[in-house]
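>>> Predicted model and sequence follow; I will ask about them next.
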Amino acid sequence: MTRLQRLRLDHAPALLDFEQRNRAYFAASISDRGDHYFAHFTERHHELLAEQAAGLHHFHVLVDTDGEILGRVNLIDVANGAAELGYRIAERAAGRGLATRAVREVCTLARTEYGLATLRAITTLDNIGSRTVLARTGFGSTGELDLNGRPGLSFVRHLRAEPGEPSPS
């Protein structure tokens, strides 16, 4: 069983472990975070939490029953009722539907808790897993783009209440 949790200070050790264990796996489909990220992880973690507290971003981790982080689902650059969605799932947990479930949950949180109306996302053309998650969670393609020299697609999802779902406060 996994739980989606808002990023907290005490997630730091497990988050660093998640990023280190999966660095090569992630770098195969998205830009590598670079050595600086790992060398200055603690300071960066504090900066991200401060930005989250200011409402600039909403960071989440997907945690299993043992406290291991299996994924991240983030809403960044929050402004004017919109944000950009980003996510990554550990190699050992890929292909189990975790990303789809976590993205659905974050879409609900985006609307009901964070007051957002629109989410954007981007991915490379060759990242079939990410494209599948976006399609399954209601994102539609809005066009092609260049992602660091690789062909990609942009996506958007307009958030609406699902039947039986609470309305925003």
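Structure received.
>>> Looking at this structure, which helix is longest?
The helix that spans the most residues within the chain, counting by DSSP state H, is helix 98-112.
>>> Just the buried positions in it, please.
For helix 98-112, the neighbour count (16 or more other CB atoms under 10 Å) marks 98-107, 109-112 as buried. The C-beta positions use only the backbone N, C-alpha and C, and glycine is treated the same way.
>>> Also stretch 125-133?
N127, S130, R131, V133.
>>> which residues are in contact with it?
Stretch 125-133 has contacts (CB atoms under 8 Å, 6 or more residues apart in numbering) with 29-30, 87, 94-95, 99-100, 103, 123-124, 150-153.
>>> for this structure, what's the longest strand?
Looking across the chain with DSSP state E, the single longest strand is strand 69-79.
>>> Only the C-alpha atoms, please, for that one, written as CSV.
Extracted in CSV, the C-alpha atoms of strand 69-79 (Å, rounded to 0.1, in the frame of the first residue of the first chain):
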residue,chain,number,x,y,z
ILE,A,69,9.8,6.8,-1.3
LEU,A,70,8.6,5.2,-4.5
GLY,A,71,7.8,8.4,-6.4
ARG,A,72,7.4,12.1,-6.5
VAL,A,73,4.5,14.1,-7.9
ASN,A,74,5.0,17.9,-8.0
LEU,A,75,3.0,20.9,-9.0
ILE,A,76,5.5,23.7,-9.8
ASP,A,77,5.3,27.3,-10.9
VAL,A,78,1.8,27.9,-9.3
ALA,A,79,0.3,31.1,-10.7
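>>> mind listing the strands in this protein by residue range?
2-6, 58-64, 69-79, 82-89, 118-124, 140-147, 150-158.
>>> May I see those organised as TSV, with distance to A50 and mean pLDDT added?
Formatted as TSV, those follow (distance: least, CB to CB, whole Å; pLDDT from 0 to 100):
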stretch	distance to A50	mean pLDDT
strand 2-6	14	96
strand 58-64	11	97
strand 69-79	14	97
strand 82-89	17	96
strand 118-124	23	96
strand 140-147	28	94
strand 150-158	28	95
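>>> Serialize those strands to a markdown table and add fields for distance to N22 and mean neighbour count.
Converted to a markdown table, those look like this (distance: least, CB to CB, whole Å; neighbours: other CB atoms under 10 Å):
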| stretch | distance to N22 | mean neighbour count |
| --- | --- | --- |
| strand 2-6 | 16 | 15 |
| strand 58-64 | 13 | 21 |
| strand 69-79 | 10 | 20 |
| strand 82-89 | 7 | 21 |
| strand 118-124 | 17 | 20 |
| strand 140-147 | 19 | 12 |
| strand 150-158 | 20 | 17 |
